[in-house]
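K.L.:
What shape does this take:
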Amino acid sequence: MCNRGWIDAMTETENLVLQHLRAIREQLGTLNERVLELVQRTGSLEVQTANVSVRVDRIDARLDRVERRSGLIDA
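P.N.:
Residues are numbered from 1 along each chain as shown. The predicted structure is shown next:
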């Protein structure tokens, strides 16, 4: 009788541990999905920043040409 109570207590403890492990696994899965989404969004922002940088460089070069041709700055 005494051993049966001990075995039941161990089974309940094991079940509780398994429940916690499942909850942790679920939370890790959710976190993993969110991290992947953030990585994708960051990559997209990096591409957009690079595109803007290229456009600004082109505008700067065009402005320099306009200033030189109009005599606003020395060639």
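K.L.:
Where does residue 73 sit: helix, strand or coil?
P.N.:
Counting by DSSP: H, G, I helix; E, B strand; the rest coil, the backbone at residue 73 sits in coil.
K.L.:
Dihedrals phi and psi, it?
P.N.:
phi -130, psi 160 (degrees, to the nearest 10).
K.L.:
In this structure it contacts residue 66, no?
P.N.:
No. Contact criterion C-beta atoms under 8 Å: residue 73 and residue 66 do not qualify, at 9.9 Å. (Glycine included, C-beta is placed from N, CA and C.)
K.L.:
in what helix or strand does residue 59 lie?
P.N.:
helix 2-70 (DSSP states H and E).
K.L.:
mean confidence for that helix?
P.N.:
Confidence for helix 2-70, expressed as mean pLDDT, is 93.
K.L.:
starting at the chain centroid, how far to it?
P.N.:
Offset of helix 2-70 from its chain centre (C-alpha atoms, centre = their mean, to the nearest Å): 3 Å.
K.L.:
Make residue 1 into 52 and carry on from there
P.N.:
Yes, from this point I'll number from 52; that puts the last item at helix 53-121.
K.L.:
gap between the residue nearest the centre of the chain and residue 96?
P.N.:
Closest residue to the average C-alpha location of the chain: residue 89 at 2.2 Å, with C-alpha atoms, centre = their mean. Distance of residue 89 to residue 96, given as C-beta to C-beta, to the nearest Å: 10 Å.
K.L.:
same check, this time on residue 79
P.N.:
26 Å.
K.L.:
just residue 74 next, same as before
P.N.:
Taken as C-beta to C-beta, the span from residue 74 to residue 96 is 33 Å.
K.L.:
again with residue 72
P.N.:
Distance from residue 72 to residue 96, by C-beta to C-beta: 36 Å.
K.L.:
Same question for residue 115.
P.N.:
Taking C-beta to C-beta as the measure, residue 115 falls 29 Å from residue 96.
K.L.:
Residue 88 too?
P.N.:
13 Å.
K.L.:
cool, residue 113 as well?
P.N.:
26 Å.
K.L.:
residues near residue 117, how many?
P.N.:
11 (other C-beta atoms under 10 Å).
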